[in-house]
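With the sequence up front, the predicted model follows.
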Amino acid sequence: MPHPPGTPWLRLVLAVSLDGRLAPSEGGAAQLGGKGDRRVLEEALAWADGCLIGAETLRRHGTTCLIHAPDLLEERARQGRPSQPVAIAVSRRGQLPPELPFFRQPLERWLLVAEAPAEPPTGYGRTLPLPDWHEALTQLARLGLDRVAVLGGAALAASLLEADWLDELQLTLCPRLLGGTHLWLPPGASGSVGSPWQLLEQRTLGGDEVLLRYGRGS
């Protein structure tokens, strides 16, 4: 499927175990990814105008990722871009705890919400409706977001795959086996799951980690 015009380019960015897990069988943080993974994550953030983060991921981790590498920050400054991409929380009802450290991070925050809250939530520069992905992504493009990184979690990734919206997959393969049910792509996901993908980049990161970046096949 060709990239739909008038919508941002979407790149899913994840660190996964050898058996495709995001978390250990008992749940909680897997602590996947070393220094090399952190570098390619920050490179993806530096590439992006905005980042989509699922509400449950924010609840579990409390924060989103920031660019710290001086060369990446300097490059964004040279381009006249803000130091950090816009962080876009994706939520059904917009009910994220206001005490999360996320709301104190030095970045611009937007909210994509499926069900309009009774009161406008505080802590966001913009609140946008999410009637469906086409309308939501068209809104983001109109607001100047041409490149968007998708930082998880699995439900958000599956929703975008189901609707054939992901243009790239950036996966750091980490040398661990975790087992359990916490797959990065939940069972039953469909959409572009059966489509071919083309290898765009392969990089050894150190610590026995490998970056694999794929784009949509023709």
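In hand now; what should we look at? Numbering: from 1, shown residues only.

Low-confidence bits of the protein, can you list those?
1-2, 24-30, 187-194, 218 (pLDDT under 70).

Specify the helix with the largest residue count in it.
helix 35-47 (DSSP state H).

other SSEs contacting that helix?
strand 9-17, helix 70-78, strand 147-150, strand 168-174, strand 197-206, strand 209-216 (3 or more CB pairs under 8 Å, 6 or more residues apart in numbering; DSSP states H and E). No exception for glycine: its C-beta is placed from N, CA and C like everyone else's.

Specify the stretch among those that is closest to His134.
Across those, His134 has its closest neighbour in strand 9-17 (12.4 Å, CB to CB).

what angle do the closest one and strand 209-216 make?
Strand 9-17 and strand 209-216 meet at an angle of 150 degrees, taking axes from the mean of the first three to the mean of the last three CA atoms, to 10 degrees as the criterion.

so strand 9-17 versus helix 35-47, what angle?
Using the same axes, to 10 degrees, strand 9-17 lies at 170 degrees relative to helix 35-47.

who touches strand 9-17?
Applying CB atoms under 8 Å, 6 or more residues apart in numbering, the external contacts of strand 9-17 come out as 3, 22, 30, 32-33, 37, 41, 44, 47-48, 52, 137, 146-152, 157, 160, 165-174, 176-178, 184.

coming back round to it: ok, and for the longest helix of the chain, which residues are buried?
Applying a neighbour-count criterion of 16 or more other CB atoms under 10 Å, the buried positions in helix 35-47 are Gly36, Asp37, Arg38, Arg39, Val40, Leu41, Glu42, Glu43, Ala44, Leu45, Ala46, Trp47.

mind putting the helices and strands packed on helix 35-47 in CSV, distance to Thr57 included?
Output for the helices and strands packed on helix 35-47, formatted as CSV (distance: least, CB to CB, whole Å):
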stretch, distance to Thr57
strand 9-17, 11
helix 70-78, 22
strand 147-150, 11
strand 168-174, 16
strand 197-206, 22
strand 209-216, 21
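
Which stretch among those is buried most, on average?
strand 147-150 (a mean of 24; mean count of other CB atoms under 10 Å).

after it, next one along is what?
Following strand 147-150 in sequence order, the next helix or strand is helix 154-162 (DSSP states H and E).

Let's verify Pro106: helix, strand, or coil?
coil (DSSP: H, G, I helix; E, B strand; the rest coil).

show me the contacts for it.
Pro106 touches Leu66, Ser83, Gln84, counting by CB under 8 Å, 6+ apart.

got the contact list for the spatially closest residue to the last one that is not a sequence neighbour?
It stands for Gln84. Of all residues not flanking Gln84 in the chain, Leu107 sits nearest, at 4.0 Å (CB to CB, 6 or more residues apart in numbering). Leu107 sits next to Thr64, Leu66, Pro82, Gln84, Pro85, Val86, Ala87 when contact means CB under 8 Å, 6+ apart.
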